[in-house]
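> With the input below, show me the fold.
(chains A, B, C and D)
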2 protein chains.
Amino acid sequence: MTVTRLPRPSIRVTADLVILTVRSGELHVLLIDRGNPPYLGRPALPGGFVRDGETLEGAAYRELAEETGLLAGDITLEQLRAYSEPGRDPRGRVITIAYLALGPELPLPVAGTDAAAARWIPVEQALATELAFDHEEILRDCLESARARLEHTTAAATFCKEPFTVADLRHVYEAVWGQRLDPSNFRRKVTNTAGFIVPTGERRFPDVGRPAALYTRGPATLLIPPLLRTTTDEP
Amino acid sequence: MTVTRLPRPSIRVTADLVILTVRSGELHVLLIDRGNPPYLGRPALPGGFVRDGETLEGAAYRELAEETGLLAGDITLEQLRAYSEPGRDPRGRVITIAYLALGPELPLPVAGTDAAAARWIPVEQALATELAFDHEEILRDCLESARARLEHTTAAATFCKEPFTVADLRHVYEAVWGQRLDPSNFRRKVTNTAGFIVPTGERRFPDVGRPAALYTRGPATLLIPPLLRTTTDEP
DNA sequence: TTAATAGTGTCTGTAAGACAATATGGG
DNA sequence: CCCATATTGTCTTACAGACACTATTAA
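Numbering: from 1, shown residues only, chains lettered A, B, ... in the order given. The predicted structure follows:
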């Protein structure tokens, strides 16, 4: 039996970012307009090639800083999955690892990058648009991941600028899940989960209605028991 | 302002497999002994380089077939995550995407591959061994992923050769979670979850004790509500 | 009959959904 | 006072954990 030396092709690797934030009660994603071929001028997820001696995480945080000015301390990126269809990039063999970030009302993206423009787009609108590459699939996968994450972790609080009210936190769930939640039951749930939110003792006085107590993020990262969506269906 | 052309290094990519099965009530993982440097003779996860025109999934299923003779129809692989530390492979820049497979009592691995040997090792023993590369970290991550998967999906049934009894299914949970479950409450849970297991009407007559009803896997993939471990702790 | 395992029934505490009731601010 | 929102409380149902109890086979 002859042992054949298998081909070990060189592959270029990118880290692409799905950066989500809630603006005016609606979930938005950061998109750029591509400044180079292929898909010139087409909306796309920010991202770029991994450099020598750089981890995927490093590349993802570098891209994040270039596009938004946000540093690693400001926001947490989480690896989602790899996309490897041979034909997915016309330039050749490119594998992309997608990263998901959840942030509070983020600043407008910085200019001066490769991208012709970078801006916040409501996710519903983004999904109705023709995105570059297979970025629609990546965005859909990240969305489902983000929705599931809210069920089992305290990640929703990272969408909130501190200090925040229980209603602020609830609005995050409502925006990401696209579903209204009962304010009373929601409050009971989050206040009974140790370490989720920590009261500051301060209050916020809105234009109308009773003032609300203010909170900061607590040390817990997991929600036990989880806070489940009511309408769950097969994937 | 000068635009610098960024380096876009070529990277080699592997798909590595964490194949788990339950043998004699204990969770086992498939390991090979490396037949080439680096880490010559050291136990490692099976896996190999992605070829031209091949997806990561394709490479993973090809490796699976080469190592075990199992085909895509026999077992499902699920992508876990990518490992990209620059120094993780002494041969140069190699990024690995890990795949997780859960299977019923699987056949002994086929011989005649690169690997000097392939065999089932209890996971506790594998974790106490010095594995090649960063495979211990990959194995730990896949283990935690498998444990979490049993909580929210019907994946545990894929560990069982059909037809199986409720006790067979319970033994899977006990092996993967490393924790005893109450037979009575476990039965109530799985039989009340629509589409998890389907009775065949047949029974199995063991050497000792009352015969048990036999089941096959049902169409459901998600467990709603989930079947949670009692002892859950922060990651 | 006994040993051993399969399977059923019951009690109890926790938590979620629905929703009423009360509190507290600004007009 | 009225409006809007925050916050508390109550009732009901679902379900998990503990565990007693019954059923069915082989030896």
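> Which of the three states applies to A:Leu139?
helix (DSSP: H, G, I helix; E, B strand; the rest coil).
> for the helix or strand of chain A at the bottom of the mean pLDDT ranking, the distance to its chain's centre please.
Lowest on mean pLDDT, DSSP states H and E among the helices and strands of chain A sits strand A:117-122, with a mean of 88. From the chain centre to the centre of strand A:117-122 is a distance of 13 Å (C-alpha atoms, centre = their mean, to the nearest Å).
> just checking, what packs against that strand?
Under the contact definition 3 or more C-beta pairs under 8 Å, 6 or more residues apart in numbering or on different chains; DSSP states H and E, strand A:117-122 sits against strand A:26-33. From N, CA and C alone the C-beta is placed, and that goes for glycine too.
> quick one: A:Arg12 and DNA strand C, what's the gap?
To DNA strand C, A:Arg12 is 45 Å away according to C-beta to the nearest atom of the strand, to the nearest Å.
> before we move on, what about A:Arg88?
Counting by C-beta to the nearest atom of the strand, the separation of A:Arg88 from DNA strand C is 39 Å.
> ok, how many other residues are close to that residue?
A:Arg88 is flanked by 16 other residues according to other C-beta atoms under 10 Å in any protein chain shown.
> Name the strands paired with the lengthiest strand in chain A and say parallel or antiparallel.
In chain A, with assignment by DSSP state E, the single longest strand is strand A:12-23. In the sheet, strand A:12-23 lines up against strand A:26-33 (antiparallel), strand A:47-49 (antiparallel), strand A:94-103 (parallel) (DSSP bridges).
> Quickly compare these and say which is most buried.
Ranked by average neighbour count under the criterion mean count of other C-beta atoms under 10 Å in any protein chain shown, the strands paired with strand A:12-23 are headed by strand A:94-103 at a mean of 24.
> Convert the C-alpha atoms of that one to PDB, please.
Output in PDB follows, covering the C-alpha atoms of strand A:94-103 (Å, rounded to 0.1, in the frame of the first residue of the first chain):
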ATOM      1  CA  VAL A  94     -10.900  32.200   2.100                       C
ATOM      2  CA  ILE A  95     -12.200  30.800   5.400                       C
ATOM      3  CA  THR A  96     -14.000  33.200   7.600                       C
ATOM      4  CA  ILE A  97     -14.500  33.000  11.400                       C
ATOM      5  CA  ALA A  98     -17.400  35.100  12.600                       C
ATOM      6  CA  TYR A  99     -17.300  37.000  15.900                       C
ATOM      7  CA  LEU A 100     -20.300  38.300  17.700                       C
ATOM      8  CA  ALA A 101     -20.300  41.500  19.800                       C
ATOM      9  CA  LEU A 102     -23.100  42.900  21.900                       C
ATOM     10  CA  GLY A 103     -22.700  46.500  22.900                       C
END
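> which residues of chain A score low on pLDDT?
Applying pLDDT under 70 to chain A flags residues A:1-9, A:107-116, A:231-235.
> domains for it, by residue range?
Under the assignment automatic domain parsing, the domains of chain A span A:12-147, A:153-217.
> any bit of the helix or strand A:Gly58 falls within sitting next to chain B?
Assigned by DSSP states H and E, A:Gly58 belongs to helix A:56-68. Yes. Helix A:56-68 reaches chain B (C-beta under 8 Å from any C-beta of the partner chain) through A:Leu56, A:Glu57.
> I would like the residues contacting that helix, please.
A:13-15, A:17, A:19, A:30, A:32, A:46-51, A:54, A:70-72, A:75, A:77, A:79, A:97, A:99, A:101, A:106-107, A:109-110, A:113, A:115, A:118, B:82, B:84, B:95 (C-beta atoms under 8 Å, 6 or more residues apart in numbering or on different chains).
> starting at the chain centroid, how far to that helix?
So, by C-alpha atoms, centre = their mean, the centroid of helix A:56-68 is 13 Å from its chain's centroid.
> before we move on, what about stretch A:58-73?
Between the centre of stretch A:58-73 and the centre of its host chain there is 13 Å, according to C-alpha atoms, centre = their mean.
> which residue ranges form the helices in chain A?
Here chain A has its helices, by DSSP state H, at A:56-68, A:123-127, A:135-152, A:166-177, A:183-192.
> could these go into CSV alongside distance to A:Gly201 and mean neighbour count?
Below are those laid out as CSV (distance: least, C-beta to C-beta, whole Å; neighbours: other C-beta atoms under 10 Å in any protein chain shown):
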stretch, distance to A:Gly201, mean neighbour count
helix A:56-68, 32, 21
helix A:123-127, 35, 16
helix A:135-152, 27, 19
helix A:166-177, 15, 20
helix A:183-192, 15, 13
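> Which among those helices is found nearest to DNA strand C?
Between DNA strand C and these, the shortest gap by C-beta to the nearest atom of the strand is with helix A:183-192, which sits at 3.0 Å.
> wait, does the closest one contact DNA strand C?
Yes. Applying C-beta under 7 Å from any atom of the strand, one finds helix A:183-192 touching DNA strand C at A:Ser184, A:Asn185, A:Arg188, A:Lys189, A:Asn192.
> Can you pick out the most distant pair from those residues?
Across those, the longest distance by C-beta to C-beta is 12.5 Å; it joins A:Ser184 and A:Asn192.
> what's the overlap in contacts for those two?
Overlap of the contact sets of A:Ser184 and A:Asn192 (by C-beta under 8 Å, 6+ apart) is empty.
> Run me through the strand neighbours of the least confident helix or strand of chain A, direction for each.
Here, using DSSP bridges, strand A:117-122 pairs with strand A:26-33 (antiparallel).
> on that earlier part again, of the domains of chain A, which is nearest DNA strand D?
Ranking these by proximity to DNA strand D (C-beta to the nearest atom of the strand) places domain A:153-217 first, at 2.5 Å.
> Give me the contact status of the closest one with chain B.
No. If you take C-beta under 8 Å from any C-beta as the test, domain A:153-217 misses chain B, and the best it gets is 9.3 Å.
> quick one: that domain to chain centroid distance?
19 Å.
> follow-up on the earlier one: TSV for the strands paired with strand A:12-23, including distance to A:Arg140?
As requested, the strands paired with strand A:12-23 are exported to TSV (distance: least, C-beta to C-beta, whole Å):
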stretch	distance to A:Arg140
strand A:26-33	11
strand A:47-49	16
strand A:94-103	11
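> Leaving out chain neighbours, which residue sits closest to A:Leu89?
For the record, residue A:89 is Asp, not Leu. In space, and not counting its chain neighbours, A:Asp89 is closest to A:Phe133: 6.2 Å by C-beta to C-beta, 6 or more residues apart in numbering or on different chains.
> Quick one: residues in contact with stretch A:161-179.
So stretch A:161-179 is in contact with A:20, A:22, A:25-27, A:104-105, A:146-147, A:150, A:156-157, A:159-160, A:180-181, A:183, A:186-187, A:190-191, A:197, A:200, A:202, A:204, A:212-217, A:227, A:229-231, going by C-beta under 8 Å, 6+ apart.
> residues contacting the residue nearest to A:Arg217 when sequence neighbours are not counted?
Ranked by C-beta to C-beta, 6+ apart and with sequence neighbours excluded, the top spatial neighbour of A:Arg217 is A:Ala157, at 4.4 Å. By C-beta under 8 Å, 6+ apart, A:Ala157 lies in contact with A:Phe164, A:Leu169, A:Val172, A:Phe196, A:Ile197, A:Arg217, A:Gly218.
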